[in-house]
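Asker: structure, please.
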Amino acid sequence: MRREAAAMSMSVEQPLWRALTAYRALTAVYAVAIAVVARDSYERPQVAFGYLAVLLVWTLATLPRFTGAARCTRPFLAVDTGLALAGILLTPLADGAGRHAADGPTLPSIWTAGAVLACALKGGWRWAAAASTLVGAANLAQRGEASPNTLHNVLLVWVAAIAIGYVVEVARASERTLARALEIQAATRERERLARDIHDGVLQVLAMVQRRGTAVGGEAAELGRLAGEQEAALRRLITQGPVPEPRTEGGTGTAPEDDTRPQDLMALLGRHADARVTLSGPGTPVELAPHAARETAAAVGAALDNVRTHVGPGARAWVLVEDEPDQVLVSVRDEGPGIPEGRLAEAAEEGRLGVAQSIRGRLRDLGGTAELVSVPGQGTEVELTVPKQDQGGGEAATGRRYLARTGEGTQ
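Answerer: Got it, this is the predicted structure:
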């Protein structure tokens, strides 16, 4: 149901319903105006004006119902179509013989098309075909013969109603597909974000416990073995397991941070600087949107974790920040042996997400890029490019904003 509501929120149906509301009001007034002009030609004017009074009151009273398909129920549309059929069949009783023989308009005139179009918008082409067939049959019955003009009008309403009903069905199917695609996209991005957080914390700790336990031996080795098993299971979960449930506003979890004031990227990166990590950059603050600054600093932290893990705890690393007019460039260079060819793809398949998610995934969500340059024997350099504009979260944020607006599915 939430997915259907989401589709309706961006649906092309809404403009059609508004147009139908205006059409019904205008055609009701038009039908009354025709009757007033031709009042002397009616054989029984009390029948004509009595029906038109009911038609006008019904039209004005039911305008609020034509705001969407939900309020136009089957019983309501049945009564609405019945009123149109009654007006058509009452026309010979109200008209004079000369006016009826001259193929004049029916009492509701073109208002009947509004009743048929309402069925088309509500139930698609099948409802449209049924309603337009009833209206066509009533027109032929009140004329007593199938004149060319009558046949033309009946066929026109029948074809137009079925075409509109079919278009509405196609639009609904397309909107449901789009809503589902956005839901899947946002859920995938959220899982990638959680995978990065897990990699940066839990997996690193489990891997360290495994290494230290194996090195110490004894009971610690058993603890290390268990930690290794849990690490492997957790890697499988975050790469193949079910999508985590969304963390909604007002629920449990951390309070949203203030994302209105820019943050200094150099200040965030300063926590990584020590005797082994050299940080270089402008002498002035390098300001980014808070989310972009935090994610960039986390990506740099993941790159430095990789240096300590794969090169050694005492390995040297250099972080260089360049502040350009439209983007910020951050490079992380180490003195290690470099990355063997094919190792990154192999690590991603094993569920090791340091590069795939903690670095590249973060930059992709920011609309930036992360490139790795590695030469055997000459170390590895990670080059991060963060745009200063459009830092709302890239495609993932687009999907999340859409779903938040519509109340749709999981993130």
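Asker: lowest average confidence, helix or strand, in the chain?
Answerer: Taking mean pLDDT, DSSP states H and E as the measure, the helices and strands of the chain show their lowest mean at helix 394-406, namely a mean of 41.
Asker: tell me the buried residues in the helix or strand containing residue 205?
Answerer: In the assignment (DSSP states H and E), residue 205 maps to helix 204-216. Applying a neighbour-count criterion of 16 or more other Cβ atoms under 10 Å, the buried positions in helix 204-216 are 204, 206, 207, 209, 210, 213. No exception for glycine: its C-beta is placed from N, CA and C like everyone else's.
Asker: show me what that helix is packed up against.
Answerer: For helix 204-216, the elements it packs on are helix 219-240, helix 290-310, judged by 3 or more Cβ pairs under 8 Å, 6 or more residues apart in numbering; DSSP states H and E.
Asker: buried deepest among these, which one?
Answerer: Per-stretch averages of neighbours, counted by mean count of other Cβ atoms under 10 Å, single out helix 290-310 among the helices and strands packed on helix 204-216, with a mean of 21.
Asker: would you mind getting the angle between that helix and helix 204-216?
Answerer: 10 degrees (axes from the mean of the first three to the mean of the last three Cα atoms, to 10 degrees).
Asker: where do the strands sit along this structure?
Answerer: If DSSP state E is used as the criterion, the strands of the chain fall at 263-264, 277-280, 287-288, 317-323, 327-334, 369-374, 380-387.
Asker: now for the fourth one, which elements pack on it?
Answerer: By that I understand strand 317-323. Based on contacts counted as 3+ Cβ pairs under 8 Å, 6+ apart, the elements that strand 317-323 packs against are helix 265-269, strand 277-280, helix 290-310, strand 327-334.
Asker: go ahead and confirm residue 336 touches residue 307.
Answerer: Yes - using Cβ atoms under 8 Å, residue 336 is in contact with residue 307, at 6.8 Å.
Asker: okay, and the common contacts of these two?
Answerer: Taking Cβ atoms under 8 Å, 6 or more residues apart in numbering as the contact criterion, the common neighbours of residue 336 and residue 307 are residue 315.
Asker: tell me, how many residues neighbour residue 91?
Answerer: Using other Cβ atoms under 10 Å, residue 91 is surrounded by 24 other residues.
Asker: so what pLDDT did the spatially closest residue to it that is not a sequence neighbour get?
Answerer: If the residues on either side of it in the chain are set aside, residue 91 comes closest to residue 106, at 4.5 Å by Cβ to Cβ, 6 or more residues apart in numbering. Looking at residue 106, its pLDDT reads 85.
Asker: one step back: now the helix holding residue 205, how far from the centre of its chain.
Answerer: The gap between where helix 204-216 is centred and where its chain is centred comes out at 43 Å by Cα atoms, centre = their mean, to the nearest Å.
Asker: point out where the stretch 151-300 of the chain drops to low pLDDT.
Answerer: By pLDDT under 70, the weakly predicted segments of the stretch 151-300 of the chain are 191, 194-204, 231-259.
Asker: the helices in the stretch 51-200 of the chain, which residues?
Answerer: Along the stretch 51-200 of the chain, the stretches classed as helices by DSSP state H, counting those that start in this stretch are 74-94, 97-101, 111-143, 148-198.
Asker: can you mark which positions in the third one are buried?
Answerer: When neighbours are counted by 16+ other Cβ under 10 Å, the buried residues of helix 111-143 are found to be 111-125, 127-129, 131-136, 138-140, 142-143.
Asker: relative to residue 106, how far out is residue 27?
Answerer: For residue 27, the distance to residue 106 equals 12 Å [Cβ to Cβ, to the nearest Å].
Asker: what of residue 224?
Answerer: Here residue 224 is placed at a distance of 88 Å from residue 106 (Cβ to Cβ).
Asker: I'm done for today, thanks for sticking with me.
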